[in-house]
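Trainee: Kindly generate the corresponding structure for this input.
(2 chains)
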There are 2 protein chains.
Amino acid sequence: MSIKKVVVAGGGVLGSQIAFQAAFKGFDVTIWLRSDASIGRSQPKIDRLHNIYLAEFKDIKTKLGTKGAAFPRGLIDDPEHISAEKIAELEAKTEAAYKNLKLTTDLVAAAKDADIVIESMAENPQAKKEFYDALSAVLEDKTIVATNSSSMVPSMFRDHVKNPKRYLAIHFANNIWRNNMTEIMGHDGTDPAAFDAVVAFAKDIGMIPLKVLKEQPGYLLNSMLIPFLTAGEALLANEVGDAKTIDLAWRLGTGSPLGPFQILDIVGLETAYNITMNRPDASDPASLHGRIAKILKGYIDQGKTGINAGEGFYKYK
Amino acid sequence: MSIKKVVVAGGGVLGSQIAFQAAFKGFDVTIWLRSDASIGRSQPKIDRLHNIYLAEFKDIKTKLGTKGAAFPRGLIDDPEHISAEKIAELEAKTEAAYKNLKLTTDLVAAAKDADIVIESMAENPQAKKEFYDALSAVLEDKTIVATNSSSMVPSMFRDHVKNPKRYLAIHFANNIWRNNMTEIMGHDGTDPAAFDAVVAFAKDIGMIPLKVLKEQPGYLLNSMLIPFLTAGEALLANEVGDAKTIDLAWRLGTGSPLGPFQILDIVGLETAYNITMNRPDASDPASLHGRIAKILKGYIDQGKTGINAGEGFYKYK
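Mentor: Numbering: from 1, shown residues only, chains lettered A, B, ... in the order given. Got it, this is the predicted structure:
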């Protein structure tokens, strides 16, 4: 079950990153998109990634020979032996990835001979089911199908995938060329050989694969991050501390670089609000989640949605 | 309400550290102990701290002029302007602290003219009450009383303290000369002037004071740490991942230096077990906390109680 031909379905933020990174690592990559309009929206993302990778290598060149310099882990797999020649090679690979990456709306052609299809579409269950139904009609028997969904688990969709044994989840973090952690999770019927093939593929595209041994909403990271962030939010909602002091307590107490409100600013307060509103008690304004939601909504209503907006719990301008 | 004369009640791990650090910072410090046998157990702790501080300064001297060198924050408050002369001064202060620190079993003499009494006794509510009752009989009106309890809140004991308005909590971390974070928390009747005086005192002894604005079991740090550690333990107990992978997910996902099982090894598995067993459902072996307790117990029964034992979830030998 070796993976050579890769299809990424969806050209959003993560879809384009997965596709570009796989192409950079020498895989034959096609992005499948629903319409020509989608291609029009995805191409600029690919252009941007092309520029980012080249800028990263330019930056890496200035750091050559600097002791303790940190390089993007998804780009440089052997930081001990990095050299000007090696970087020139990687720049050439970036150009090749940019040249070879295909975008298409033709699902039949894309699926033909594909070893893996990575579904990286919006978090809309109905749209995902429709895509899987359409894909299954043209899918070859050997093809592994993987979802990059962060909030939904594979068993939700396996009945819509032609070969459920070859269906699982591979979850990436944003900016995968730097944050190269990948969580791989099957449902209880996933063939271990398919799981292992995806673990090997993740390594081959420069990721650190983390094996999630059982289906778990939130995988490993978010299963810890959400209770932690909620605990920080609860301290604020209960007026036990202010955001700055709570963050400082966490940083000083654990040596972590970021406290909960700094992380919330990165996650984005709208996402945090949506997660909070999914709690059963959130519609009661007197409940803990209701009060947390109210605080988040207060920031959102002022446009303070986090680091991308220039302000959230902290100012970044 | 300026603090000059300090009494620490209890000469255990933290009591001795608080006393030595305050003495090092020039305060008049007395450790009150229940018996001569307690003095016999505390003196070696003071001797050890004396040696540790001198060893720290010896180490700091070798790092002078090294760019980006990190110094113990409780010892060096101005790392930008550290010099050989300044270190010689701090070594002299260490010797003065060691010479001037008093240990006594005489509560009347200790309490006389004390500005603050820091209760740092074992986490036994009955023993604390008895101590507060005895102290209150000899306490001066001006004296602030502070508990270093990590698991109990001031309102549990305020009725046993002569002047409840001058009673609050000041919570230190272990190895306070390095981990110089201090959480300060009153009950709802604590006088803000007493609170502020303790915040100022914490700064004066080289701590970073964190204001906890409302009584909260676990203060700020443990209120986040425990849900986070429980979430990590739940992933292990539910067989979603192994300890190493769960830790790696947290480190890679948040940039933190330590994952939950590395932190549990530092906290100690016996403490983690006791915290887990305090949950109402822990006595049911099928419940989440029952299953977490069983895993911890399995390590403890093998003597793998954490980093101090040389092995816990990880090996340190």
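Trainee: A:E270 contacts A:K304, doesn't it?
Mentor: No - in this structure, A:E270 is not within contact of A:K304 by Cβ atoms under 8 Å, at 10.7 Å. Where you see a C-beta, it was placed from the backbone N, CA and C, and this is true even at glycine.
Trainee: Quick one: the helices in chain A, in order.
Mentor: In chain A, the helices defined using DSSP state H lie at A:13-24, A:36-63, A:84-100, A:107-111, A:125-138, A:192-204, A:221-237, A:243-254, A:260-267, A:269-277, A:288-301.
Trainee: Comparing those, which comes out most buried?
Mentor: helix A:13-24 (a mean of 24; mean count of other Cβ atoms under 10 Å in any protein chain shown).
Trainee: if we can go back for a sec, got JSON lines for the helices of chain A, with distance to B:R41 too?
Mentor: JSON lines is the format used below for the helices of chain A (distance: least, Cβ to Cβ, whole Å):
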{"stretch": "helix A:13-24", "distance to B:R41": "59"}
{"stretch": "helix A:36-63", "distance to B:R41": "53"}
{"stretch": "helix A:84-100", "distance to B:R41": "60"}
{"stretch": "helix A:107-111", "distance to B:R41": "74"}
{"stretch": "helix A:125-138", "distance to B:R41": "63"}
{"stretch": "helix A:192-204", "distance to B:R41": "53"}
{"stretch": "helix A:221-237", "distance to B:R41": "37"}
{"stretch": "helix A:243-254", "distance to B:R41": "28"}
{"stretch": "helix A:260-267", "distance to B:R41": "40"}
{"stretch": "helix A:269-277", "distance to B:R41": "49"}
{"stretch": "helix A:288-301", "distance to B:R41": "44"}
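Trainee: Relative to B:K102, which of those helices is closest?
Mentor: B:K102 sits nearest to helix A:243-254 of all those, at 30.7 Å, using Cβ to Cβ.
Trainee: tilt between that closest one and helix A:260-267?
Mentor: 110 degrees (axes from the mean of the first three to the mean of the last three Cα atoms, to 10 degrees).
Trainee: which secondary structure elements does helix A:243-254 contact?
Mentor: helix A:221-237, helix A:260-267, strand B:181-186, strand B:208-212, helix B:221-237 (3 or more Cβ pairs under 8 Å, 6 or more residues apart in numbering or on different chains; DSSP states H and E).
Trainee: Need the residues that contact that helix.
Mentor: In this structure, residues lying in contact with helix A:243-254 by Cβ atoms under 8 Å, 6 or more residues apart in numbering or on different chains are A:232, A:235-236, A:240-241, A:256-262, A:313-314, B:173, B:179-181, B:183, B:208, B:210-211, B:219-221, B:224-225, B:256-258, B:263.
Trainee: from memory A:N148 sits against A:S120, does it?
Mentor: Yes - between A:N148 and A:S120 there is a contact under Cβ under 8 Å: 4.2 Å.
Trainee: Mind listing the shared neighbours of those two?
Mentor: If you check A:N148 and A:S120 against Cβ under 8 Å, 6+ apart, the residues they both contact are A:14-15, A:18.
Trainee: List the residues that contact the residue in the stretch 51-200 of chain A that chain B sits nearest to.
Mentor: Nearest to chain B, among the residues of the stretch 51-200 of chain A, is A:M181, at 3.9 Å (Cβ to the nearest Cβ). Remark: with contacts taken as Cβ under 8 Å, 6+ apart, A:M181 is in contact with A:173, A:207-208, A:210, A:221, B:248-249, B:252-253.
Trainee: can you tell me which of those lies nearest to A:S38?
Mentor: Of those, the one sitting nearest to A:S38 (Cβ to Cβ) turns out to be A:A173, at 23.3 Å.
Trainee: What's the local residue count around that closest one?
Mentor: 18 (other Cβ atoms under 10 Å in any protein chain shown).
Trainee: For it, give me its contacts.
Mentor: A:A173 touches A:179-182, B:253, counting by Cβ under 8 Å, 6+ apart.
Trainee: for A:V199, same thing?
Mentor: A:184, A:209, A:211.
Trainee: ok, A:A122 to B:E233 distance?
Mentor: 34 Å (Cβ to Cβ, to the nearest Å).
Trainee: A:Q43 now?
Mentor: From A:Q43 to B:E233 the distance is 46 Å (Cβ to Cβ).
Trainee: Not counting its own residues, what contacts stretch A:266-284?
Mentor: With Cβ under 8 Å, 6+ apart, stretch A:266-284 has contacts from A:226, A:229-230, A:233, A:258, A:264, A:287-290, A:292-293, A:296-297, A:299-300, A:304-308, A:312.
Trainee: who in the stretch 201-317 of chain A is up against chain B?
Mentor: Residues of the stretch 201-317 of chain A lying close to chain B by Cβ under 8 Å from any Cβ of the partner chain are A:208, A:210-214, A:216, A:219-221, A:223-228, A:230-232, A:234-235, A:238-242, A:245-246, A:248-250, A:252-258, A:260, A:263.
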